[in-house]
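> Got a predicted structure plus its sequence, pasted below:
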Amino acid sequence: MFKLSANQNLAGPNPDPPPAKGTSKPSTRSRTPLLATVVGVASGILGLCSWKLKDTASDGSSSLPPHLCRCFSLSEIKAATQNFSQTFIVGVGGFGHVYKGHVDGGVAPVAIKRLKPESSQGAREFKTEIELLSQLRHRHLVSLIGYCTDKNEMILVYDYMARGTLADHLYHTDNPPLSWGQQLQICIGAREGCATFTAMPRALSSISTNILLDEKWVAKVSDFGLSKVCTTTMSKIHISTTVKGSFGYLDPEYYRRQQLTVKSDVYSFGVVLCEVLCARPAVVHAAEKRQMNLAEWTKSCHRDGELDQIIDPNMKGEIETDCLNKFVEIAMSCISDSGIERPSMDDVVRGLVFALQLHQNYGERNDDEAFASVPGCAMNESVQCISETIFSEINDPNGR
Ligand SMILES: Nc1ncnc2c1ncn2[C@@H]1O[C@H](COP(=O)(O)OP(=O)(O)OP(=O)(O)O)[C@@H](O)[C@H]1O
């Protein structure tokens with residue numbers, strides 16, 4: 001999955017001292033109204049922050065309190081990545097290269113994303129990511145540690161996710177298949193992470209390459225701000241910017257109405273469930289036409305009673321019928337053509353927790369690792385624990 005092994009002594013001594021607290025550059029320009037709207041949505045609707053954003057500096061940085069998000073110097077970032085050495089690259093996205101490094105001589109690695117100048121994702125998305133994610137801490141979100149804007153760089157520093165993306169474990173991989181219990185837990189965790197933004201549909205949050213896995217297989221969602229920004233209308237929230245092509249995940253209603261809603265996010269998540277079920281990507285361009293789009297293909301196989309033909313062969317026999325039926329029911333309802341027929345986020349989580357319960361009742365006993373990922377829970381108490389955690393998080397969506 002990753003090309004690198006951990007290098008614990010990468011960072012060495014910091015060549016530059018960390019910036020003094022509260023020394024952000026003075027503002028010379030106000031944020032755009034759009035960005036202000038985004039922040040308003042985040043703080044107002046989600047009720048997430050009592051702290052108010054200050055004006056954004058001309059270099060794109062914002063005056064974030066250092067306890068929320070650290071401002072790294074370029075020297076620190078260079079020291080962490082040995083001057084952006086290719087050997088430290090662990091991934092490439094639309095944003096640019098992602099490096100694995102160590103800051104402050106710390107043992108825990110960090111992921112360092114460096115925006116390439118010609119990136120399709122620009123300064124606005126960079127700021128959105130910082131301003132939204134620095135205010136959010138949730139067990140199922142990848143934490144933003146800090147950023148760097150020295151010398152016009154746009155660099156983001158996140159917690160490092162040692163197990164890579166969910167997609168890395170589903171297809172085109174030499175990784176051993178995940179157990180069904182693990183997959184259910186990952187789906188539940190990912191849904192929880194996405195639900196943090198219930199009031200802000202994100203075009204690309206629910207895709208399997210944005211679902212990352214930490215050392216203990218806990219699912220964490222990434223790339224909120226880097227995907228899309230939202231605007232509000234009188235009564236609805238929708239995304240009015242051009243939606244970046246994510247063929248295969250995009251709500252079919254979007255094509256008709258040109259608006260993303262919370263139910264669009266449910267649709268994207270349903271596609272992830274199909275990926276898990278069938279262990280194949282959302283789109284396979286080389287496949288024959290009817291199989292190209294996974295959601296469409298899964299739907300037609302389900303309609304024709306042929307679903308067993310496309311289920312991941314590794315899972316056959318591992319999933320008990322009731323659990324499979326429940327999972328399929330959730331997946332199919334999520335990818336209903338019409339948003340109104342799709343379940344709510346909370347119903348999706350409840351359904352998945354129930355499926356996990358059915359799975360555990362089935363008596364799978366080879367899933368120690370998956371269950372061990374729930375801290376403080378003995379194996380036979382794990383489902384109960386997940387349910388309690390999840391339902392308390394549904395009541396307190398900030399997970400705090
Ligand atoms: N926090 C992280 N920890 C470990 N690896 C990461 C982390 N973030 C990203 N990666 C790796 O870098 C790759 C690229 O990630 P990135 O988020 O930049 O792009 P993407 O989400 O795949 O694409 P896009 O930016 O176009 O949405 C990921 O597929 C993953 O392998």
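Looks like it came in fine. Numbering: from 1, shown residues only.

> Pass me the low-pLDDT residue ranges in the stretch 301-400 of the chain, would you?
Residue ranges of the stretch 301-400 of the chain with pLDDT under 70: 363-400.

> Tell me if residue 114 really is in a helix.
No - Residue 114: not assigned to a helix; according to DSSP: H, G, I helix; E, B strand; the rest coil it is strand.

> so it sits right up against residue 96, yeah?
Yes - the pair residue 114 / residue 96 is scored as a contact, 4.9 Å apart, by Cβ atoms under 8 Å. C-beta here means a position set from N, CA and C on the backbone, and glycine is covered the same way.

> ok, which residues in the stretch 1-150 of the chain are in contact with the ligand?
Neighbours of the ligand within the stretch 1-150 of the chain, by Cβ under 6 Å from any ligand atom: 90, 91, 92, 93, 94, 95, 98, 111, 113, 142.

> What remains of these if I keep only buried residues?
90, 91, 95, 98, 111, 113, 142 (16 or more other Cβ atoms under 10 Å).

> any idea how far residue 269 is from the last one?
Meaning residue 142. 17 Å (Cβ to Cβ, to the nearest Å).

> how about the nearest residue to residue 334 once chain neighbours are set aside, what does it touch?
Excluding its sequence neighbours, the residue lying closest to residue 334 (Cβ to Cβ, 6 or more residues apart in numbering) is residue 270, at 2.6 Å. Contacts here follow Cβ atoms under 8 Å, 6 or more residues apart in numbering; on that basis residue 270 touches 295, 330, 331, 332, 333, 334, 335, 342.

> And the residues you listed, which is closest to the ligand?
Comparing the contacts of residue 270 against the ligand with Cβ to the nearest ligand atom picks out residue 295 as the nearest, at 18.9 Å.

> That closest one touches residue 274, doesn't it?
Yes - under the criterion of Cβ under 8 Å, residue 295 makes contact with residue 274 at 5.9 Å.

> who touches both of those two?
282, 335.

> Relative to residue 156, how far out is the residue nearest to residue 68 when sequence neighbours are not counted?
Among residues not flanking residue 68 along the chain, residue 134 sits closest, at 4.5 Å (Cβ to Cβ, 6+ apart). To residue 156, residue 134 is 10 Å away according to Cβ to Cβ.

> who has more neighbours, these two?
Using other Cβ atoms under 10 Å as the criterion, residue 134 and residue 156 rank with residue 156 on top: 28 against 24.
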